[in-house]
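**Student:** Sequence and predicted structure are below.
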Amino acid sequence: MLWPILINTLYALRDVDPVAKETLRSFGFGTPSVLWRVSLPSAAPFIVTGVRIAASVALVVVISTELFAGGWDGIGIYLSDTQSGGGRTDLLLAGAFWAGLLGLLANGLLLAIERIAFRWNTARVEGVS
């Protein structure tokens, strides 16, 4: 789950406006100050997008692990039990529906936090994210 966050962070830090960094350096600010005042605020929306991607991957991994490894409770265990329990397709679809709804709720919550925290971000197109 670390890779989407790390990759988005690396690409975002590489994409920071060099003029903004050089302007701060020309005013005598050091590297930590340039990182704190320019690079991280510029990269923050991309880092949060990496967190959203990592959350969806984590949900898929958790449910898949429950399906294959077993356990006591969880959506993956429920799906595994209904799949092997006599062909009740309606229960299997209900479990898959709840898993999808959980993913949509998690993504919606993270998206709402992103929109509130980064209201100033003009790179995001409304309705696309």
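**Tutor:** Perfect, I can see it now. Numbers count the residues shown, from 1 in each chain.

**Student:** any low-confidence regions in this protein?
**Tutor:** 122-129 (pLDDT under 70).

**Student:** Residue nearest the middle of this structure, spatially speaking?
**Tutor:** Nearest residue to the geometric centre of the chain (CA atoms, centre = their mean): Arg52, 1.3 Å.

**Student:** Count the neighbours of the residue lying closest to it once chain neighbours are set aside for me.
**Tutor:** Leaving out its chain neighbours, the residue that sits closest to Arg52 by CB to CB, 6 or more residues apart in numbering is Leu110, at 4.7 Å. Placement of C-beta: from N, CA and C, glycine included. When neighbours are defined as other CB atoms under 10 Å, Leu110 has 18 of them.

**Student:** Leu67 too?
**Tutor:** The burial count for Leu67: 17, using other CB under 10 Å.

**Student:** Backbone dihedrals for Asp73, please?
**Tutor:** With angles defined as degrees, to the nearest 10, Asp73 sits at phi -130, psi 160.

**Student:** ok, now Arg119?
**Tutor:** Dihedral angles (degrees, to the nearest 10) for Arg119: phi -60, psi -30.
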